[in-house]
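In: Fold the following for me, if possible:
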Amino acid sequence: MLILYEYFKRGEFYGIKVYEVINTDIYYNLAFESYIFETIKKDDFSIIFYKNTDCLVIGKHQNLFLECNINYTKENNIKIARRESGGGTVFQDLGNLNYSFIGYLNLNDKEKNFNILMKSIKNFNISLTKDDKNSLFYNNLKVSGNAFRLSKNKFLHHGTLLLNTNLSKLNNSINIKNINHNKKYIYSNYSKTTNLKDISDDIDETNIKKQILINSKFYYGKIISYTLIENNLNNYMSKKIKLLKNFNWIYNNSEKRGEINV
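Out: Below you'll find the predicted structure:
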C-alpha cells in the first residue's frame with residue numbers, strides 16, 4: 001500500500017526510463033545527460049548510468065586553477081571538463097559509477113534519491129551517512145559526491161559512487177587552494193575517500209545498479225524502458241559536445257589564474 005500511495009499521491013502512475021551509456025568519454029556523457037534534461041517531458045522520470053575514463057570534472061562556478069593540479073592532469077592524460085551543475089571538483093575513472101536522476105521538480109526529490117542510494121548500499125551491509133554538503137560517507141570516509149541543476153522546473157540530481165577508483169590519481173589531481181577565500185568562486189570541501197569495494201567484496205557495478213533500480217521503483221514506478229547508449233549523436237549533442245570542449249567554457253570562471261603558480 002505504501003508503494004501505491006507514493007504513485008497515487010502524484011495523481012497517476014509514472015514509470016522510469018533507464019539509460020545505460022556504454023561510451024566512456026566525459027564530454028559525450030555530459031552532453032547526453034544534458035540532452036535528456038532538456039527534452040524530458042513532465043510525466044517522465046529518467047535514470048542514467050555511465051562511467052568515464054580518467055577525468056577531472058569541476059562545478060559550473062569553480063575556479064579550475066584553485067581546484068586542480070594542472071601539471072599532474074597533463075602528465076597523466078586526465079581530461080578536464082566543466083559541468084552545468086554546481087558542486088565540487090571530482091576525479092572519475094572506470095572504477096567510478098555515475099548516476100543521474102532527471103525529472104520535473106514535482107516528481108524528482110533529492111531526499112528520495114538519497115534514500116534510494118543509501119538503501120541500495122545498505123543491501124551490501126554498508127551503512128552510509130549524508131552530510132550537509134550532500135556527500136555520502138562511510139565512517140567519515142567519502143564514497144559519493146552529488147550535485148544539482150534546476151531549470152524551468154526540471155531537476156537534475158547526479159553523483160558519483162567510488163567503487164574501485166584509483167585513489168592515488170584522485171588525491172594527486174585535486175589540489176584545492178582557497179586563495180584569500182575569494183567569494184567569487186565556490187570551493188570544494190576536501191574529504192578523505194575510500195572505495196566501496198574495499199569495504200565489501202560483494203559490491204560491484206552490476207549489483208549496485210540493480211539495487212538502485214529496485215529501490216527506485218518504490219518512489220518512481222515501474223521501469224518502462226532500458227536503453228543502451230553508445231555513440232548516438234544528434235544535432236543538440238554535437239553542439240553540446242563542442243561547447244563542453246571549448247576552452248572558454250572550461251576556463252570561464254578561472255580568469256585569475258595568475259594569482260597562483262600553476
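
In: Am I right that residue 239 sits in a helix?
Out: Yes - read with DSSP: H, G, I helix; E, B strand; the rest coil, residue 239 is one of the residues of a helix.

In: and the gap between it and residue 246?
Out: 11 Å (CB to CB, to the nearest Å). C-beta coordinates here come from the backbone N, C-alpha and C atoms, glycine included.

In: same thing with residue 52?
Out: Taken as CB to CB, the span from residue 52 to residue 246 is 18 Å.

In: Pick out whichever of these two has more residues nearby.
Out: Per other CB atoms under 10 Å, whichever of residue 52 and residue 246 has more neighbours is residue 52, with 24 against 12.

In: Same question for the helix of greatest length in the chain: list its buried residues.
Out: Using DSSP state H, we find that the single longest helix of the chain is helix 205-220. By neighbour count on 16 or more other CB atoms under 10 Å, the buried set for helix 205-220 is 205, 208-209, 211-213, 215-217, 219-220.

In: Just flag the most distant two among those.
Out: Greatest spatial distance among the buried residues of helix 205-220 (CB to CB): 205 and 219, at 22.3 Å.

In: Chain neighbours aside, what residue packs nearest to residue 193?
Out: Closest residue to residue 193 apart from its sequence neighbours, by CB to CB, 6 or more residues apart in numbering: residue 142 at 4.7 Å.

In: Give me the distance between the one you found and residue 26.
Out: 20 Å.

In: ok, these two, which is more surrounded?
Out: Taking other CB under 10 Å, residue 142 and residue 26 do not tie; residue 26 has more neighbours (24 against 19).

In: that older thread, so who does the residue nearest to residue 193 touch?
Out: Residues in contact with residue 142 (CB atoms under 8 Å, 6 or more residues apart in numbering) are 135-136, 162, 191-194.

In: mind checking the SS state of the residue nearest in space to the middle of the chain?
Out: With distances taken as CA atoms, centre = their mean, residue 159 lies nearest the centre of the chain, 2.6 Å away. Following three-state DSSP, residue 159 is assigned to strand.

In: Apart from its neighbours in sequence, what residue is nearest it?
Out: Excluding its sequence neighbours, the residue lying closest to residue 159 (CB to CB, 6+ apart) is residue 146, at 3.7 Å.

In: Point out where the chain drops to low pLDDT.
Out: Scanning the chain with the threshold set as pLDDT under 70 gives 1-14, 176-190, 252-262.

In: Enumerate every residue touching residue 140.
Out: Residue 140 touches residue 192, counting by CB under 8 Å, 6+ apart.
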